[in-house]
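*Asks:* Compute the structure for the input listed below.
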Amino acid sequence: MREPGMVRMETMAVTFETVRRLALALPGVEEGTSYGTPAFKVRKKFLVRLREDGETLALRIDFDDREILIAAKPETYYITDHYRGYPAMIVRLATEDEDDLRELLEQSWRQVAPKKAVAEFDAGNRG
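*Replies:* Just a heads-up that it's a prediction; the model follows:
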């Protein structure tokens, strides 16, 4: 992720289609639903979903990273009381950057993907 305060040259709006494209590019990710909204999972384990408002995502993330990200970009990342006890945060699509989202999705995927799939992914991305 970019360091906080770095200037972006140009920001393209991130849409749920962007989320779909990035999520499905990761090995073993399947599209389905969660709480009646479009979602992506790996072996039935939650990765990310569109929230009911159609403008935010619920994304799996570990607690330590969540605290750092919320502190760095509170305009984009936050939680509600519902997510306080879960390894997840909310992401505002309107203020998210595609590169940051790609990194977050990969980080989330690494938490739920089989170790063999992660090793194969890493071996294929060396170079």
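*Asks:* which residues are contacting stretch 55-71?
*Replies:* Applying C-beta atoms under 8 Å, 6 or more residues apart in numbering, the contact partners of stretch 55-71 are 1, 19, 34, 46-51, 77-79, 83, 87-94, 104-105, 107-108, 111-112. Quick note: C-beta positions are derived from backbone N, CA and C, even for glycine.
*Asks:* Show the contacting residues for the residue nearest the centre of the chain.
*Replies:* Closest to where the C-alpha atoms of the chain average out (C-alpha atoms, centre = their mean) is residue 105, at 3.7 Å. Counting by C-beta under 8 Å, 6+ apart, residue 105 makes contact with 19, 22, 23, 26, 47, 48, 59.
*Asks:* before we move on, what about residue 16?
*Replies:* Residue 16 neighbours (C-beta under 8 Å, 6+ apart): 38, 50, 54, 93.
*Asks:* hmm, try it at 7 Å
*Replies:* Going by C-beta atoms under 7 Å, 6 or more residues apart in numbering, residue 16 touches 38, 50.
*Asks:* ditto for residue 87
*Replies:* By C-beta under 7 Å, 6+ apart, the contact list for residue 87 reads 60, 61, 62, 63.
*Asks:* re earlier: including pLDDT, could the contacts of residue 105 go into JSON lines?
*Replies:* Below are the contacts of residue 105 laid out as JSON lines (pLDDT from 0 to 100):
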{"residue": "19", "pLDDT": "97"}
{"residue": "22", "pLDDT": "98"}
{"residue": "23", "pLDDT": "98"}
{"residue": "26", "pLDDT": "96"}
{"residue": "47", "pLDDT": "97"}
{"residue": "48", "pLDDT": "98"}
{"residue": "59", "pLDDT": "98"}
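*Asks:* Show me those that map onto helices.
*Replies:* 19, 22, 23 (DSSP state H).
*Asks:* out of the residues you listed, who's nearest residue 119?
*Replies:* Nearest to residue 119 among the ones in helices among the contacts of residue 105, counting by C-beta to C-beta, is residue 23 at 20.0 Å.
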